[in-house]
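J.: make a model of this:
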Amino acid sequence: MEITEIISRFKIDGEPSEIKQLTAGNINRTYRVRIGERKYILQNINVNVFHDPDALMNNIIGVCEHLRSKLPAGADPLRETMNFIDARDGRHYFVDEDGKYWRMYVYIDAISYQSITKPGLFYKAGKAFGRFQSMLADYPAETLAETIPNFHNTPSRFEDFRKAVENCRLPERLSESKELIDALLSREKLAHIATDAIASGEMPLRVTHNDTKLNNILMDKDTEEGLCVIDLDTVMPGSVLYDFGDAIRFGASTAAEDEPDVSKIALDTALFDEFTLGFLEGTNGALNSCELSLLPEGALLLTYEQAMRFLGDYLNGDTYFKIDYPEHNLVRARAQVTLLFDIEKKLPELHGIVEKYIKENH
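T.: Model (predicted):
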């Protein structure tokens, strides 16, 4: 089916004057469409990753409506929240003749960054993700579907990793990974940090974004303040530690996720400080004492989880993550374990940073 025909199946009047395929994004095929004076984003939902488009879109629509209801007077809902266009049959998506699922939303004219290129940017990212948490603090997280089951269920990830070790049929991979395997298996208690606190009631179940990378924030072109958190496909029930921890794991590391030279890998405490300040300002008192006390452990937890996922995939024969060379997942795992060790070493300093800002805000 032609793209113009797909566009016509949504509740928009007028003919498209421009259709441009965008290259950014790893999961969904995406187009920018101009109709009259307004631009839109058209996306093909990847049902190989997200098996239940109904649940996916119900999650996103519910969260976006709640965010809109929390905007202060004078805010622009077309720029500060995602606004989806219904299909003409009333659903939140359109299914074409090939069984492909499509969705459409209003384009937000803003910028995003792939990496931290200037001072203060990570602070603004922290503030945006913190504000996202604050605005959704009273959303009933238990009503959200798990679009990817057990995505950040770290005890489940640990069991997956243990099985990958036990069932590995690649002895040379098992042998060269032994030190990493031992390091990860010996830290099983880390896997239970968030799930145990939620189960005991010490930590609330929250709406979590679960992919808190810098490029998932649209920023104002002039002020570079965070406008809108996007890419809500992984919005699910979870712990604030997941969002804080993954942002730190990815954004405050001194090297890329697949840096082969582990001497270049460490946690940048200045960036941790910057993000923490922004995040606590953004959450604006929404977090309880247990959550605040465990924020540094969030960075530990998510780095640990990612190390298990990379190494587990390597032992399974590279069935999940896309690789550029045979040892890619091993290199990624080694990088994450190196970062994990550095976070462990710096944990007292990280707690000091969090406590400093808690005192300043009281």
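J.: quick check: bridge partners of residue 40?
T.: Following DSSP bridges, residue 40 is listed with bridge partners residue 33, residue 106.
J.: list the contacts for it?
T.: 12, 32-34, 85, 104-107 (CB atoms under 8 Å, 6 or more residues apart in numbering). Bear in mind the C-beta positions are built from the backbone N, C-alpha and C, glycine included.
J.: out of those, which is nearest to residue 210?
T.: Nearest to residue 210 among these is residue 105, at 19.4 Å by CB to CB.
J.: near the closest one, how many other residues are there?
T.: Residue 105 is flanked by 19 other residues according to other CB atoms under 10 Å.
J.: of the contacts of residue 40, buried ones?
T.: Neighbour counting with 16 or more other CB atoms under 10 Å marks 12, 33, 85, 104-107 as buried within those.
J.: okay, these in TSV with distance to residue 257 and pLDDT next?
T.: Formatted as TSV, these follow (distance: CB to CB, whole Å; pLDDT from 0 to 100):
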residue	distance to residue 257	pLDDT
12	39	95
33	33	97
85	35	97
104	32	97
105	29	97
106	32	97
107	29	97
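J.: wait, what's in contact with residue 86?
T.: Residues in contact with residue 86, defined by CB under 8 Å, 6+ apart, are 10-11, 92.
J.: residue 246 and residue 194, how far apart?
T.: Distance of residue 246 to residue 194, computed by CB to CB, to the nearest Å: 12 Å.
J.: hang on, residue 120 packs against residue 275?
T.: No. Checked against CB atoms under 8 Å, the pair residue 120 and residue 275 is beyond contact range at 11.0 Å.
J.: assign a three-state SS to the residue positioned nearest the centre of the chain, would you?
T.: Residue closest to the average C-alpha location in the chain (CA atoms, centre = their mean): residue 211, at 0.4 Å. Three-state assignment for residue 211 (DSSP: H, G, I helix; E, B strand; the rest coil): coil.
J.: ok, the residue lying closest to it once chain neighbours are set aside - how many residues close by?
T.: Using CB to CB, 6 or more residues apart in numbering and skipping the chain neighbours, the partner closest in space to residue 211 is residue 234 (5.0 Å). By other CB under 10 Å, the residues close to residue 234 number 23.
J.: next: the one 10 residues further on.
T.: Around residue 244 there are 32 other residues, counting by other CB under 10 Å.
J.: excluding chain neighbours, what is closest to it?
T.: Per CB to CB, 6+ apart, closest to residue 244 is residue 298, 4.6 Å.
J.: so where does that neighbour fall, helix or strand?
T.: Assigned by DSSP states H and E, residue 298 falls within helix 295-315.
J.: who are the packing partners of that helix?
T.: If you count contacts as 3 or more CB pairs under 8 Å, 6 or more residues apart in numbering; DSSP states H and E, helix 295-315 packs onto helix 154-166, helix 171-176, helix 178-185, helix 193-199, helix 240-251, helix 269-283, helix 328-360.
J.: can you say which of those helices is packed in most?
T.: helix 240-251 (a mean of 26; mean count of other CB atoms under 10 Å).
J.: by contact count, what packs against that helix?
T.: Applying 3+ CB pairs under 8 Å, 6+ apart, one finds that helix 240-251 contacts helix 121-135, helix 193-199, strand 206-208, helix 269-283, helix 295-315.
J.: save those as CSV, and put in mean pLDDT and distance to residue 57 too.
T.: Converted to CSV, the helices and strands packed on helix 240-251 look like this (pLDDT from 0 to 100; distance: least, CB to CB, whole Å):
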stretch, mean pLDDT, distance to residue 57
helix 121-135, 97, 19
helix 193-199, 97, 26
strand 206-208, 97, 16
helix 269-283, 97, 26
helix 295-315, 98, 26
